[in-house]
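Participant: Sharing a sequence plus its predicted fold:
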Amino acid sequence: MNFGFSDEQDTIRETLSRMLGDHATLEVAHNRLDGAEGFDTATWSALADGGWLGLAMSEAEGGSGMGAVELAILAEEIGRCLAAVPYLPVLCMAVPALQSAGTQGQRTSLLPGIAKGRTIIATALAEGGGLAPDTVSAKVVQDRLSGQKAPVTFGAEATHALVAATDEEDTPRLYLADLSASGVTIGALDPIDRTRPAARIDFDNAPVELLPGSDPAAIQRMLDGAAVLAAFEQIGLAERALALTTAYAGERHAFGRPIGGFQAVKHRLADMFAKIELARSNAFFGAWALASGDSRLPEAAAVARLTALDAVQFTTEESIQLHGGIGFTWAADPHLFLRRGWQLKAELGPADMWRERLLGHLATPLRAAS
Amino acid sequence: MDFSDSPEEATFRADARSWLDANAALRDGSEKAQDHFMARDADEVARARDWQARKAEAGWAGLTWPRAFGGRDATPIEQVIWNQEEGRYAVPPNAFLIGIGLVGPTVMIHGTEAQKAAVLPRALTGEDIWCQLFSEPAAGSDLAGIRTRARRDGDDWVISGQKVWTSGAHYSSHGILLARTDPQVPKHKGLTMFLVDMSDPAIETRPIRQISGGASFNEVFIDDLRVPDSARLGGESEGWKVALTTLMNERFSISVGRASGGARAEELIALATRVERNGRPAIEDGEVRARISDFVARQRGLEFTSYRVMTSLSRGEAPGEEGSIGKLLLGKLRQEMAAFGMELAGTAAGISAKAGDDAARWRNEYLTAPGNRIAGGSDEIQRTIIGERILGLPPDIRVDKSAPFSDL
């Protein structure tokens, strides 16, 4: 058993951290809140130039042949700097879906473009309600899709979308849609986190292409993998929020000493740390289960998701609290993390959905909830 | 990152299992719930001693001790594997955690050759049972504030004072005792550690009854206990350094052993499937499902946290940041789960319970759990440690840190 990163993986993290630190500063995130275009194309290009967008693709696919653990490192570093890039839909959902359920032709035509940063595939699963495959009402008849998908993160910036829709036999499947095709209408939404622009996409008899290996189980597997990787993004952002709050508590003086010297503040920061580390332990197991194809992935994804959601909400809320009045201002950093945290909750479904997923997979048989 | 056993670990597991199969019976569910981590009475102590002696003879005792001291040089992960495997069998409770986990490693570092020879082999085989005479009525979290005095008298030391919360003192043969030898210097500087014989008539042990009704810890009164200078462990006035070694090993023992302590969240699933709430099986109730799944997620997190600690230790690194959180989170989780178990067992669990029923099981768990949040460093002390040593926050104001102890 080895529950840590290898030296090579530590090197990957250092390289990524340096590169992202140069491009995706918190100033860039603030600019997006103030109305600049949501998508940080400069950081995305830098990731493409560094070969990072193809890290989990084979060399034949145009990538560097790494795996889920390296992807998790990328997710954590992106969370730490709040980079406004579509790595979650593109690298953590679309790429694995194409690899496991797509055709050779689909892979050949799309993966190299993804690795170069030119092709952006959004994932259009939600329809305002849940994310689960059995809540899908969008429908495909004779390779033509009709229905509305929202929210679709980076929907307006994407070239393609991976859409969950039922086939002619009412089975949920995944379809690839070219968003420049006729019958596609895209409208912008107003997400709580403008570094993750979101859209509503209306499909009206739009041409689509089936991923032949996709079925409800494959869709769920894609969500499980995304939940594990998103947990790393959540941990990265929570850790940064904790770091800047700790730094503030060390600088800000009241009653003659730094406020971080008072137990009311010190112990709150310790609780933030403990929740983050608990989430990290679950995320580690999730990354291993994802990388090794272990059958416990559904359970691992659910516990990683549940503890990450809790860690992020506690850390980001208390980060604002411990900053006092300044933390409540638009110009200060803490709300950037609160917003991203909430956005990540919305993108992959709330705790309830993952609690049911967890209970459904525990060894002890359960009667279905009525 | 690899969660599976390495080939060496798989071999170790197979060897452990094969020895256990030949020497013990698998648990069949009829055993008493293990709500205690130490032996409780003379009969359990005798059975524990016998089991320990057999393990020692076959090389399964003191796994992480160096071979030079009779151990197996096992990795921390192998210790966890052993704990997992042994946990599947109906074996007596362990009475040797303090001797093997705390005292042994402290003696290896600070002891003389004579002390190593006297202490280590007998601790390993279970002939000697050790207790830890540290806390006092006026000094628990603030351990360096102890008042038990040891005074030089010729070549001997004479020790008087009172210890408290001493787990297992009532059946221990020996104790590791922290005493003040110099009150004229600040509190951390005037301490010295001793190894004492609990059968000396100058030591009186009185069990303390806990809120659970059991009595696994004690008050210990020491009245002019005379020990030779050869009973001193480490240098005179260097007791704090020696105590830190013991406490570090205590934290290690806790992180290796405790992740599996207390009830499993799965037990609550089984309970919620058996009992009703609002006229239907409790497991169908939304709040019940939410609470239990959160318990599962937190318990899994603690389990995997202990694996992270093992990984750091196996790489020869000090336990990293993750090591400090297990102790903090475990007690509160256990307490919340126990309270929820009582709720599920029915409000009657507070009023009526019969030995062996759900109400008794969860009431006992509920009345045992608070100890986890206090023993081995309270939640509050753990938070201060995390805040100061890991996050680097300014230290608490300590008005007594540099004044001579006698002026406090």
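Facilitator: That came through, no problem.
Participant: Just give the number of residues close to the closest residue to B:T125 other than its chain neighbours.
Facilitator: In this structure, B:T125 finds its nearest non-sequential neighbour in B:A56, 4.3 Å apart by Cβ to Cβ, 6 or more residues apart in numbering or on different chains. For the C-beta atoms, the positions are set from N, CA and C on the backbone; glycine is no exception. Under the neighbour criterion other Cβ atoms under 10 Å in any protein chain shown, B:A56 is assigned a count of 21.
Participant: With A:R340 instead?
Facilitator: 29.
Participant: That one contacts A:L237, doesn't it?
Facilitator: Yes: using Cβ atoms under 8 Å as the test, A:R340 is close enough to A:L237 to be in contact (5.4 Å).
Participant: intersection of neighbour lists for those two?
Facilitator: A:G79, A:L82 (Cβ atoms under 8 Å, 6 or more residues apart in numbering or on different chains).
Participant: name the element the residue nearest to B:T125 belongs to?
Facilitator: Assigned by DSSP states H and E, B:A56 belongs to helix B:42-58.
Participant: So which other helices or strands are in contact with that helix?
Facilitator: Applying 3 or more Cβ pairs under 8 Å, 6 or more residues apart in numbering or on different chains; DSSP states H and E, one finds that helix B:42-58 makes contact with helix B:7-23, helix B:113-125.
Participant: Am I right that A:E209 sits in a strand?
Facilitator: Yes: per DSSP: H, G, I helix; E, B strand; the rest coil, A:E209 lies within a strand segment.
Participant: which residues sit in contact with it?
Facilitator: Per Cβ under 8 Å, 6+ apart, neighbours of A:E209: A:Q106, A:D143, A:Y175, A:L176, A:A177.
Participant: Give me the below-cutoff pLDDT ranges for the chain.
Facilitator: Picking chain A for this. For chain A, the stretches flagged by pLDDT under 70 are A:129-130, A:363-370.
Participant: my bad, chain B
Facilitator: B:29-40, B:255-261, B:318-323, B:347-350.
Participant: which ones are touching the residue nearest the centre of it?
Facilitator: Centroid-nearest residue in chain B, with Cα atoms, centre = their mean: B:I254, separated by 5.4 Å. Going by Cβ under 8 Å, 6+ apart, B:I254 touches B:G326, B:K327, B:G376.
Participant: now do B:K163
Facilitator: Taking Cβ under 8 Å, 6+ apart as the definition, contacts of B:K163 comprise B:L133, B:F134, B:S135, B:E136, B:T148, B:A169, B:L177, B:E219, B:V220, B:I222.
Participant: Contacts for stretch B:42-55, please.
Facilitator: Residues contacting stretch B:42-55 (Cβ under 8 Å, 6+ apart): B:23-24, B:39, B:61, B:91-96, B:125-127, B:129, B:171.
Participant: Please flag which of these sit within helices.
Facilitator: B:N23, B:T125 (DSSP state H).
Participant: Whichever of the contacts of stretch B:42-55 end up buried, select them in PyMOL.
Facilitator: This is the PyMOL syntax for the buried subset of the contacts of stretch B:42-55, where burial follows 16 or more other Cβ atoms under 10 Å in any protein chain shown:
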select buried, chain B and resi 24+39+61+91+92+93+94+95+96+125+126+129+171
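Participant: What parts of the stretch 151-300 of chain B come near chain A?
Facilitator: B:266, B:269-270, B:273, B:280-281, B:283-284, B:286, B:289-290, B:292-294, B:296-298, B:300 (Cβ under 8 Å from any Cβ of the partner chain).
Participant: For B:T273, which non-adjacent residue is closest in space?
Facilitator: That would be B:I283: by Cβ to Cβ, 6+ apart, it lies 4.9 Å from B:T273.
Participant: That neighbour is in contact with B:A272, isn't it?
Facilitator: Yes: under the criterion of Cβ under 8 Å, B:I283 makes contact with B:A272 at 4.1 Å.
Participant: what do these two both touch?
Facilitator: With Cβ under 8 Å, 6+ apart as the test, B:I283 and B:A272 both reach B:I292.
Participant: before we move on, back to that, which of the contacts of A:E209 has the largest number of neighbours?
Facilitator: Neighbour max across those (other Cβ under 10 Å) = A:A177, 26 neighbours.
Participant: quick one: terminal-to-terminal distance for stretch B:132-151?
Facilitator: 20 Å (Cα to Cα, to the nearest Å).
Participant: which parts of that stretch are buried?
Facilitator: So for stretch B:132-151, counting by 16+ other Cβ under 10 Å, buried means B:132-136, B:139-140, B:143-146, B:148-150.
Participant: which residues does A:A177 form a beta bridge with?
Facilitator: Counting by DSSP bridges, A:A177 is bridged to A:A161, A:V208.
Participant: ok, back up a step: how about TSV for the helices and strands packed on helix B:42-58, with distance to A:E77 added?
Facilitator: TSV is the format used below for these (distance: least, Cβ to Cβ, whole Å):
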stretch	distance to A:E77
helix B:7-23	31
helix B:113-125	47
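Participant: so which of those helices is the most packed in?
Facilitator: helix B:113-125 (a mean of 18; mean count of other Cβ atoms under 10 Å in any protein chain shown).
Participant: So which elements touch it?
Facilitator: helix B:42-58, helix B:104-110.
Participant: what's the span of stretch B:122-138, first residue to last?
Facilitator: First-to-last residue span, stretch B:122-138, Cα to Cα: 33 Å.
Participant: Centre of the chain to that stretch, how far?
Facilitator: 11 Å (Cα atoms, centre = their mean, to the nearest Å).
Participant: With stretch B:142-154 instead?
Facilitator: The mean C-alpha position of stretch B:142-154 is separated from the chain mean by 24 Å, Cα atoms, centre = their mean.
Participant: Also stretch A:153-173?
Facilitator: 17 Å.
Participant: That one: end-to-end distance?
Facilitator: By Cα to Cα, one end of stretch A:153-173 lies 19 Å from the other end.
Participant: Can you list the buried residues in it?
Facilitator: A:153-158, A:160-166, A:172-173.
Participant: Distance of A:I219 relative to A:A206?
Facilitator: 19 Å (Cβ to Cβ, to the nearest Å).
Participant: Ignore what I typed, I meant B:P201.
Facilitator: 92 Å.
Participant: what about these two, which has more around it?
Facilitator: Per other Cβ under 10 Å, whichever of B:P201 and A:A206 has more neighbours is A:A206, with 24 against 7.
Participant: so how far is chain B from the more buried one?
Facilitator: 38 Å (Cβ to the nearest Cβ, to the nearest Å).
Participant: who's in contact with stretch A:27-42?
Facilitator: Applying Cβ under 8 Å, 6+ apart, the set of residues contacting stretch A:27-42 is A:23-24, A:43, A:82-86, A:154, A:157, A:194-197, A:330-331, A:333, A:336, A:339.
Participant: Dihedrals phi and psi, the residue lying farthest from the centre of chain B?
Facilitator: In terms of distance from the mean C-alpha position of chain B, B:G279 ranks first, at 42.2 Å (Cα atoms, centre = their mean). Backbone geometry at B:G279, expressed as degrees, to the nearest 10, gives phi 80, psi 10.
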